[in-house]
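S.K.: Fold the following for me, if possible:
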Amino acid sequence: MKESNLRKKIASDLPPGSWHFVPMNMGFGKTGIPDLVCIVPMVIKKEDIGKVFGLGVCIEVKLSYNKPTENQWRCLREIAAAGGSAIVATQTTGKEYKLERVYALTDGDESGKGRDVG
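M.R.: Okay, the predicted model is just below:
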């Protein structure tokens, strides 16, 4: 399976009403940008009942034998620190995949993946 096929599968699994695009860097722009940039609709807070809000979700897609680069981890942590949801989707078998949330780095965190700051 190609990474592009897995990316299409993940995009088709987004909740109804979601919006997404696939950034094409082609040597220009910021390095490490995730494979899918999405807005996922959600309803939040008691006083906001009935209002729809969009949650920024960025997904880095990897086949089972690949891992995110340091630039990709950095960008995902920056997205998490800005309040977005940063995710690594890794192929498990065929068109199946697992999701791993990436958190913003906090002082003293040496793991490289970060942890929840919210």
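S.K.: what helix or strand does the closest residue in space to Glu100 that isn't next to it in sequence sit in?
M.R.: Leaving aside its sequence neighbours, Glu100 sits nearest to Val88 (CB to CB, 6 or more residues apart in numbering; 4.6 Å). C-beta coordinates here come from the backbone N, C-alpha and C atoms, glycine included. Element membership of Val88, judged by DSSP states H and E, is strand 85-91.
S.K.: That strand: partners in the sheet, and parallel or antiparallel?
M.R.: strand 53-62 (parallel), strand 97-102 (antiparallel) (DSSP bridges).
S.K.: Let me know the next secondary structure element after the first one.
M.R.: So that's strand 53-62. Trace forward from strand 53-62 with DSSP H and E and the next one is helix 70-81.
S.K.: Just the residues contacting that next one, thanks.
M.R.: Residues lying outside helix 70-81 but in contact with it, judged by CB atoms under 8 Å, 6 or more residues apart in numbering, are 30-34, 56, 58, 60, 68, 85-88, 102-105, 112-114, 117.
S.K.: between it and strand 85-91, how big is the angle?
M.R.: 140 degrees (axes from the mean of the first three to the mean of the last three CA atoms, to 10 degrees).
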